[in-house]
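> I'll drop the sequence and a predicted model, then ask my questions.
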Amino acid sequence: MQEIWIPLFFITLFLFLYTIRSSINKLRTIAGLTWFPLISFLTAILLFPAYGFRPEVIPLLIHAAILSIISISKNEKDSSVYRSIKKTSIIRTLPPMIILAAAAGIAFYYTPQKDTSLAEQNVYSLKATDLSGTGEREYFIRIYADKNKNLLPSRPLLVLLPPALGSIAAADEVSMELHNRGFTVLTYSRRGFDSPAVYFTGEGKKERYGIRAVEWFRRIHAFVSGTNSASANNKGRALEDARTEDLFFILSWIRRNPLLEGRTPLFNIASRNAVFLAGYDAGGGALILAGNSLLPESLAGIKILGLIAIDSYLWSVYRRETPDVSVLPPDADWLTSVQHGLNRWFLNIRPRHITGFGQIPRLTKPVLFLVSEKERSSGSRRQAMLSSFEIARGPTLMISADGAGPFAYSDLPVKYPILAALLRGQEKPAWNNLNAPSRTAGIITGFAASVLNSAGEDSSILENTPLPAGIQITPNSAWPPIRQLPND
């Protein structure tokens, strides 16, 4: 994606020329330079529809906006000031030059080194519609499988519920890495809920849908404050409820053994007896909440062997403060009634907080909790998830990577390196940004291989490689000690 460097270079050059103009005699007489900040600002804005959300460009965009305002205000005040501009010392231009260098340096340094578009080769793209609820829900399903090879039906099927922030764009490379390690991977995006929701129609064309900006802010609020604030927790619960609906629809769709683009049935390239379910954030919470209901008798035709919860919160088990329900005495006069109503209104209008946990699921299936470095200790924002790990009845692992931030196990470190730098943990990272998808896939593969071995199934089809140094593995008492994941 380094082709973005070309417009970034011209944006930086134009701002540089404007900044040093008052110090260079030949530049002071060029009136057209006064419009360079505005041109740079408009060009920076156009980078977002062209390349998607690019947080590393924001400092340069803000700097260009400030210089544009200064330039336009001077032009309105006195249009002749540019023709008779006074020469200033080069030293006075140093502060804005340092700011420009910092903003441009961030934009160039944190540009993704790889193409950030979704994979199209070796991916089946299908549509499915759920009519069972109150309204129609349209799903764009992606199945990662080599179309040009006769894949073995013994390949484990991994169903991946995508992140609530970023959807399939934040899990595309992880999905491809899992496929390369021996899985048939099924993921999806739901129109109207996921952003982006993408469907490839063929011949290089695609349908792409998003959500409103206000919905993004509500979700970010849930991620930041969902375990402290009742209003943010309500949004987190809604996200987990939506992913639970997705989970049961996708499983019912899989059970029908659908044809993939009219070519081959799903279970010709994936095993119905070795199904793993993985989910990010709200999706992982949905898996934990529904874990014990995913029994063979309720899912005839497929056998779920293990669950993988990635950076999950379990918002739905948190208890919130209850509103004031004081009762007005029946013999109260009108003044007392008004006073009671006002007091109750003021009490109920204040922000409400989280007071504790409700019932936490005690899982019996093998579960992998994949958490960031900051969230692996008690007292973290994921305390409910940690409690679920501690009380699980089945074999359970908690794995975290040193230096891992909240998005370390997705594509975001590759596609948004600046977010990985801002949100990283305290320890030295166990891997660099470019390796994040492959390392995440390696952890999941190691867990799945161990579960397959314990279940007496063949795991040789999976490429199970040793984990790198800096990976912290915590098993519970039910985890078979002889089935530990390989670690070098």
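All right, it came through fine. Residues are numbered from 1 along each chain as shown.

> and residue 173, what does it touch?
119, 411, 414, 437 (C-beta atoms under 8 Å, 6 or more residues apart in numbering). Every C-beta, even on glycine, is put in place using the N, C-alpha and C of the backbone.

> With distance to residue 403 added, can I get those residues in JSON lines?
Shown next, in JSON lines, are the contacts of residue 173 (distance: C-beta to C-beta, whole Å):
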{"residue": "119", "distance to residue 403": "27"}
{"residue": "411", "distance to residue 403": "17"}
{"residue": "414", "distance to residue 403": "16"}
{"residue": "437", "distance to residue 403": "16"}
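
> from those, which is closest to residue 465?
Relative to residue 465, the closest of the contacts of residue 173 is residue 437; by C-beta to C-beta it sits at 14.1 Å.

> that older thread, what's the lowest-pLDDT member of the contacts of residue 173?
Lowest pLDDT within the contacts of residue 173 is found at residue 119 (85).

> buried stuff in stretch 433-450?
433, 435-450 (16 or more other C-beta atoms under 10 Å).

> Point out where the stretch 101-250 of the chain drops to low pLDDT.
Counting by pLDDT under 70, the ranges of the stretch 101-250 of the chain that qualify are 133-134, 148-152, 203-204.

> farthest-separated two in the contacts of residue 173?
Of all the pairs that the contacts of residue 173 form, the one spanning the most space (C-beta to C-beta) is 119 and 414, at 12.7 Å.

> So between these two, which is more surrounded?
residue 414 (24 against 16; other C-beta atoms under 10 Å).

> quick one, what contacts that one?
Counting by C-beta under 8 Å, 6+ apart, residue 414 has contacts 112, 113, 114, 116, 173, 433, 434, 436, 437.

> Make JSON lines from those and add distance to residue 36 and secondary structure to it.
Converted to JSON lines, those look like this (distance: C-beta to C-beta, whole Å; DSSP: H, G, I helix; E, B strand; the rest coil):
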{"residue": "112", "distance to residue 36": "27", "secondary structure": "coil"}
{"residue": "113", "distance to residue 36": "29", "secondary structure": "coil"}
{"residue": "114", "distance to residue 36": "32", "secondary structure": "coil"}
{"residue": "116", "distance to residue 36": "29", "secondary structure": "coil"}
{"residue": "173", "distance to residue 36": "38", "secondary structure": "helix"}
{"residue": "433", "distance to residue 36": "33", "secondary structure": "helix"}
{"residue": "434", "distance to residue 36": "35", "secondary structure": "helix"}
{"residue": "436", "distance to residue 36": "38", "secondary structure": "helix"}
{"residue": "437", "distance to residue 36": "40", "secondary structure": "helix"}
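
> ok, these vs residue 477, which is closest?
Out of those, the member with the shortest distance to residue 477 (by C-beta to C-beta) is residue 436, at 30.8 Å.

> Please tell me how far the spatially closest residue to the closest one that is not a sequence neighbour sits from residue 39.
Using C-beta to C-beta, 6 or more residues apart in numbering and skipping residues adjacent in sequence, the residue nearest residue 436 is residue 413, 4.1 Å away. The gap separating residue 413 from residue 39 is 33 Å, by C-beta to C-beta, to the nearest Å.

> Looking only at neighbour counts, state which of the two leads.
residue 413 (30 against 17).

> Test my guess that the more buried one contacts residue 438.
No - look at residue 413 against residue 438 with C-beta atoms under 8 Å: they stay out of range, at 11.3 Å.

> now the helix or strand residue 474 falls within: mean pLDDT?
Using DSSP states H and E, residue 474 falls within strand 471-475. The average pLDDT for strand 471-475 rounds to 89.

> Tell me which other helices or strands it touches.
strand 396-401 (3 or more C-beta pairs under 8 Å, 6 or more residues apart in numbering; DSSP states H and E).

> residues making contact with the strand it packs on?
So strand 396-401 is in contact with 363, 366-373, 375-376, 386, 389, 408-409, 429-431, 439, 443, 447, 470-476, 478-479, 485, going by C-beta under 8 Å, 6+ apart.

> could you give the angle of it to strand 471-475?
With axes from the mean of the first three to the mean of the last three C-alpha atoms, to 10 degrees defining the directions, strand 396-401 sits at 170 degrees from strand 471-475.

> Which neighbours in the sheet does strand 396-401 have, and how are they oriented?
With DSSP bridges as the test, strand 396-401 is paired with strand 367-371 (parallel), strand 471-475 (antiparallel).

> elements contacting the longest helix seen in the chain?
Using DSSP state H, we find that the single longest helix of the chain is helix 230-255. Helix 230-255 sits against strand 123-130, strand 137-144, strand 156-161, strand 184-190, helix 213-225, strand 271-280, helix 281-290, strand 318-320, with contacts defined as 3+ C-beta pairs under 8 Å, 6+ apart.

> what's in contact with the longest one?
Going back to what we said before, that points to helix 213-225. 164-165, 195, 229, 231-233, 235-236, 239, 281, 313, 315, 406.

> Setting the sequence-adjacent residues aside, check what's closest to residue 97.
residue 19 (5.8 Å).

> Does anything pack onto the helix or strand hosting that neighbour? Which helices or strands?
Residue 19 belongs to helix 5-20 when elements are defined using DSSP H and E. Where contact means 3+ C-beta pairs under 8 Å, 6+ apart, helix 5-20 is packed against helix 36-51, helix 58-77, helix 94-109.

> can you redo the contacts of helix 213-225 as TSV with neighbour count and distance to residue 262?
As requested, the contacts of helix 213-225 are exported to TSV (neighbours: other C-beta atoms under 10 Å; distance: C-beta to C-beta, whole Å):
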residue	neighbour count	distance to residue 262
164	25	32
165	22	34
195	22	29
229	19	48
231	15	47
232	22	44
233	24	44
235	22	40
236	27	39
239	26	34
281	30	34
313	27	40
315	26	40
406	24	40
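
> any idea which helix or strand carries residue 389?
helix 383-391.

> Could you give me the buried positions within that helix?
Neighbour-count burial for helix 383-391 [16+ other C-beta under 10 Å]: 383, 384, 385, 386, 387, 388, 389.

> ok, and what's touching it?
So helix 383-391 is contacted by 227, 285, 288, 309, 312-314, 317-318, 357, 360-363, 367, 369, 371, 375-376, 378, 380, 396, 398, 476 (C-beta under 8 Å, 6+ apart).

> ok so, going back, just the C-alphas of the strand holding residue 474, formatted as CSV.
Extracted in CSV, the C-alpha atoms of strand 471-475 (Å, rounded to 0.1, in the frame of the first residue of the first chain):
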residue,chain,number,x,y,z
ILE,A,471,3.7,-16.5,24.8
GLN,A,472,2.2,-17.1,28.2
ILE,A,473,0.1,-20.3,28.5
THR,A,474,-2.1,-20.9,31.5
PRO,A,475,-4.1,-24.2,31.5
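
> Show me how far it is from its chain's centre.
23 Å (C-alpha atoms, centre = their mean, to the nearest Å).

> hmm, back to that, for PyMOL, write a command that selects the buried ones of the contacts of strand 396-401.
Provided next is the PyMOL selection string for whichever of the contacts of strand 396-401 are buried by 16+ other C-beta under 10 Å:
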select buried, resi 363+366+367+368+369+370+371+372+373+375+376+386+389+408+409+429+430+431+439+443+447+470+471+472+473+475+476+479+485
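
> Could you give the bridge partners of residue 310?
residue 280, residue 370.

> Go ahead and confirm it touches residue 409.
Yes - Residue 310 sits in contact with residue 409 when judged by C-beta under 8 Å, with a separation of 5.2 Å.
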